[in-house]
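Engineer: Please work out how this folds:
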Amino acid sequence: MRLPGDDRPIVLAAFDSCLKTSGPETMEYRLKRKDGSWEWIKSTGKVVEHNAAGEPLRMIGIHTDISLQKQNQILLDAERKRFMMLFDASSDGMFIIDMNGQFIDINRTAYERLGYSKAEMLAMQLTELDPPEFAARVPERLALIFSQGSATFETAHYRKDGSVMPVEINARIIELDGQNAFFSVVRDISERKKLEGQLRQSQKMEAIGTLVGGIAHDFNNMLAAIQGNLYLARKQLQDHPIADLKLGNIERLGTQAAEMVHQLLTFARKDSVAMHVFNLNTFMIEGYHLARASIPESIDHQTIICEQALYIKGDATQLQQVLMNLLNNAVDAVENTPQPAIRCSLTAFEATRAFRQKHPQLAGDHFVCICVKDNGSGIPGDRLDKIFEPFFTTKEVGKGTGLGLAMLYGAIQTHGGAVEVESKAGIGTAFRVYLPLSDSVSEPVAKKLIPDMNGHGETILLVDDEESLRSATSEVLKSMGYRVIEASNGDEALTAFKANRDQIDLIISDVIMPRMGGLELMTQVKKLDQTMPVMLITGYDRDHVMNKNLLREGCQLLNKPFNFDILSQTIQAMVK
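Structural biologist: Residues are numbered from 1 along each chain as shown. As a prediction, this is how the structure comes out:
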């Protein structure tokens with residue numbers, strides 16, 4: 001073997017030191033073998049004999065091959081380096097904690113996500129991160145880890161700024177330097193909790209929608225029968241002004257009830273809305289003017305409308321209810337405020353990166369923002385995430401149904417928008433409604449056509465399983481000059497059609513019926529007579545019960561309860 005040039009100075013220096021001190025000297029160096037490979041040597045030398053002058057005469061040395069030890073050390077150092085790199089690069093936080101709850105090590109993700117430095121966290125106890133309601137469950141979780149060796153559970157940690165971060169922890173016991181310790185993988189589940197909340201809200205809305213939809217179908221049938229009887233009664237009592245006035249009032253109430261059902265269906269996302277492009281500036285001015293009557297004079301209220309013309313595509317009736325709901329809530333909120341104030345504003349809004357991250361379901365970058373802000377009682381933080389839930393209310397008994405904000409939430413979703421709320425108890429609340437801007441300007445309003453109210457002896461096959469509605473509608477049609485054949489379901493109607501095929505000019509059929517519904521009836525009729533006009537009527541969601549693609553030429557769809565002027569006009573258009 002020969003000593004490599006790089007290590008020669010080390011060996012010579014150690015040899016010289018050993019000769020001078022006569023004491024043991026230890027060094028590590030490499031030797032190059034004959035085959036070109038290297039080996040590590042550990043040498044310990046000591047002078048064991050001196051001459052008469054005291055100079056070193058003889059020296060003994062012990063040489064040990066430590067190549068394997070060195071190789072293992074290199075591998076260990078590389079492994080430790082890789083561990084630290086992976087430890088800090090993990091997308092999950094990682095804690096190593098002793099059995100007393102003191103931090104031994106924390107990875108970068110953990111301390112940066114919580115807002116601390118590593119040194120700050122190493123000086124802390126784990127219990128300093130736990131909110132009280134979660135700290136109470138620590139003994140239970142420790143017992144689970146000790147009994148099973150590991151455990152996975154959800155908890156929460158305080159960030160340095162005082163906010164709370166929900167986390168999922170997978171903890172296990174490991175051995176570290178001969179001592180037991182806890183190793184915990186800490187996953188931030190804030191986004192998952194947000195999505196779970198949205199899913200629960202969606203499920204609640206779906207359940208309410210199913211309930212509302214079922215009720216609406218029966219309610220609309222009853223309203224249609226009432227409207228039919230009212231129509232007949234008013235025709236027969238035209239010479240009795242007082243009775244006609246009372247019946248007119250009942251008819252208006254019936255119409256309002258039908259609109260209420262329509263809004264409930266829309267809230268439950270079970271019905272379509274009449275979307276039109278309109279100027280939101282004008283809408284806000286007029287809408288706020290209407291709402292002013294419900295705002296007490298003791299409240300300082302103002303509305304600020306931007307000068308830029310803002311157009312949206314929406315349902316003005318729904319948005320009027322949204323505005324009224326927010327203003328009414330603001331009025332209730334400032335009831336006990338010494339200097340009550342409400343501010344309503346309309347501005348243009350450009351979506352920021354943070355806004356898009358918060359509302360990834362929204363399309364586009366250009367929005368309008370309707371803000372209603374008050375300095376009232378505010379909403380406690382623990383209730384903010386519940387205010388859009390159906391039947392939840394912060395108002396006292398008798399002052400709130402719990403449906404207002406839920407309906408608002410449904411309406412804004414229908415418009416492809418979003419709603420945000422910012423509130424602090426005792427300081428006030430601000431609701432911000434964001435709606436997508438439209439590239440178009442206001443759509444022209446179609447001229448209202450005056451229908452021809454009289455038939456000319458045409459024969460109509462009327463099909464409905466609700467006897468009271470069928471009877472009332474039949475009488476109305478007869479009073480209009482039509483001949484009517486009645487059927488209580490699709491099977492009866494098909495038989496009647498085959499028997500009177502040459503006489504029937506139009507079929508009016510309910511969509512949902514036992515034995516055979518309106519869609520199947522229409523399909524069977526079209527096989528026999530492709531030109532036969534069919535009018536389908538429904539008391540439920542028109543888009544839910546049928547596909548618009550099924551509406552063929554010569555087919556119309558009306559919702560119950562129907563306006564008899566529109567019914568007559570539609571019939572006349574179809575039988576020509």
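Engineer: in the stretch 1-150 of the chain, which ranges drop under the pLDDT threshold?
Structural biologist: 1-23 (pLDDT under 70).
Engineer: next one: the stretch 251-400 of the chain
Structural biologist: Counting by pLDDT under 70, the stretch 251-400 of the chain contains low-confidence ranges at 256, 259-260, 262-274, 390-400.
Engineer: can you list the domains in the chain?
Structural biologist: The chain breaks down into these domains under automatic domain parsing: 5-71, 90-188, 276-436, 459-575.
Engineer: Between the two ends of the longest one, how far is it?
Structural biologist: Pointing back at domain 276-436 there. 13 Å (C-alpha to C-alpha, to the nearest Å).
Engineer: now stretch 309-318
Structural biologist: In stretch 309-318, first residue to last residue: 21 Å (C-alpha to C-alpha).
Engineer: Figure out how far stretch 97-108 is from the centre of its chain.
Structural biologist: 37 Å (C-alpha atoms, centre = their mean, to the nearest Å).
Engineer: same deal with stretch 120-132?
Structural biologist: On C-alpha atoms, centre = their mean, the centre of stretch 120-132 falls 33 Å from the chain's centre.
Engineer: list the buried ones in it?
Structural biologist: 121, 126, 129-130 (16 or more other C-beta atoms under 10 Å). C-beta: built from backbone N, CA, C; applies to glycine.
Engineer: Helix or strand next in line after the strand or helix carrying Asn249, which one?
Structural biologist: Per DSSP states H and E, Asn249 falls inside helix 241-267. Past helix 241-267, further along toward the C-terminus, the next helix or strand under DSSP H and E is strand 276-279.
Engineer: Closest one to Arg80 out of the buried residues of stretch 120-132, please.
Structural biologist: The shortest approach to Arg80 among the buried residues of stretch 120-132 belongs to Met121, at 20.9 Å (C-beta to C-beta).
Engineer: May I have the secondary structure class of that closest one?
Structural biologist: helix (DSSP: H, G, I helix; E, B strand; the rest coil).
Engineer: ditto for Ala151
Structural biologist: strand.
Engineer: My guess is it contacts Ala171. True?
Structural biologist: Yes - Ala151 lies in contact with Ala171 (C-beta atoms under 8 Å); the separation is 5.7 Å.
Engineer: so what's in contact with the two at the same time?
Structural biologist: Common neighbours of Ala151 and Ala171, using C-beta atoms under 8 Å, 6 or more residues apart in numbering, are 141, 145.
Engineer: how close does the residue most central in space within the chain get to Glu28?
Structural biologist: Geometric centre of the chain, nearest residue: Gln198, 3.9 Å, by C-alpha atoms, centre = their mean. Separation of Gln198 from Glu28 (C-beta to C-beta, to the nearest Å) stands at 64 Å.
Engineer: my read is the residue nearest to the centre of the chain is in a strand, agree?
Structural biologist: No - Gln198 is assigned helix when assessed by three-state DSSP, not a strand.
Engineer: how close does it get to Ser423?
Structural biologist: 20 Å.
Engineer: Then Ser91?
Structural biologist: Distance, Ser91 to Ser423, using C-beta to C-beta: 33 Å.
Engineer: ok, back up a step: which among the domains of the chain is found nearest to Lys235?
Structural biologist: domain 459-575 (6.2 Å).
Engineer: how long is that closest one from one end to the other?
Structural biologist: 10 Å.
Engineer: I'd like the average pLDDT over it.
Structural biologist: Mean pLDDT, domain 459-575: 85.
Engineer: From the chain's centroid, how far away is that domain?
Structural biologist: Worked out by C-alpha atoms, centre = their mean, domain 459-575 lies 40 Å from the chain centre.
Engineer: my guess is Gln320 meets His289, correct?
Structural biologist: No - with contact defined as C-beta under 8 Å, Gln320 does not reach His289; the gap is 11.4 Å.
Engineer: of these two, who's got more company?
Structural biologist: Gln320 (15 against 10; other C-beta atoms under 10 Å).
Engineer: need the contact list for that one.
Structural biologist: 283, 287, 290.
Engineer: Let me see the ranges of the helices in the stretch 251-400 of the chain.
Structural biologist: Under the criterion DSSP state H, counting those that start in this stretch, the stretch 251-400 of the chain contains helices at 280-291, 316-333, 353-358.
Engineer: Nearest to Ser190, out of these?
Structural biologist: Taking the helices of the stretch 251-400 of the chain one by one with C-beta to C-beta, helix 353-358 is closest: 12.3 Å.
Engineer: got the CA positions of that closest one in CSV?
Structural biologist: Presented in CSV, the C-alpha positions along helix 353-358 are these (Å, rounded to 0.1, in the frame of the first residue of the first chain):
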residue,chain,number,x,y,z
ARG,A,353,-57.2,35.8,-7.2
ALA,A,354,-58.4,35.4,-3.6
PHE,A,355,-62.1,35.8,-4.7
ARG,A,356,-61.7,33.1,-7.4
GLN,A,357,-60.1,30.7,-4.9
LYS,A,358,-62.9,31.4,-2.5
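Engineer: which parts of it are buried?
Structural biologist: Buried residues in helix 353-358 (16+ other C-beta under 10 Å): Phe355.
Engineer: Going by contacts, tell me the helices and strands next to that helix.
Structural biologist: Secondary-structure packing of helix 353-358 (3 or more C-beta pairs under 8 Å, 6 or more residues apart in numbering; DSSP states H and E): no helix or strand packs against it.
Engineer: Buried residues in stretch 99-112, which are they?
Structural biologist: Quick answer for stretch 99-112 (16+ other C-beta under 10 Å): 103, 105-107, 109-111.
Engineer: possible to save the residues you listed as JSON lines with secondary structure and distance to Gly228?
Structural biologist: Formatted as JSON lines, these follow (DSSP: H, G, I helix; E, B strand; the rest coil; distance: C-beta to C-beta, whole Å):
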{"residue": "Phe103", "secondary structure": "strand", "distance to Gly228": "77"}
{"residue": "Asp105", "secondary structure": "strand", "distance to Gly228": "79"}
{"residue": "Ile106", "secondary structure": "strand", "distance to Gly228": "75"}
{"residue": "Asn107", "secondary structure": "coil", "distance to Gly228": "73"}
{"residue": "Thr109", "secondary structure": "helix", "distance to Gly228": "69"}
{"residue": "Ala110", "secondary structure": "helix", "distance to Gly228": "70"}
{"residue": "Tyr111", "secondary structure": "helix", "distance to Gly228": "73"}
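Engineer: His415: which of those residues is nearest?
Structural biologist: Thr109 (39.6 Å).
Engineer: What is the neighbour count of the closest residue to the closest one other than its chain neighbours?
Structural biologist: Excluding the flanking residues, the one nearest Thr109 by C-beta to C-beta, 6 or more residues apart in numbering is Gly93, at 4.9 Å. Residues lying near Gly93 (other C-beta under 10 Å) number 23.
Engineer: of the buried residues of stretch 120-132, closest to Gln361?
Structural biologist: Leu129 (33.1 Å).
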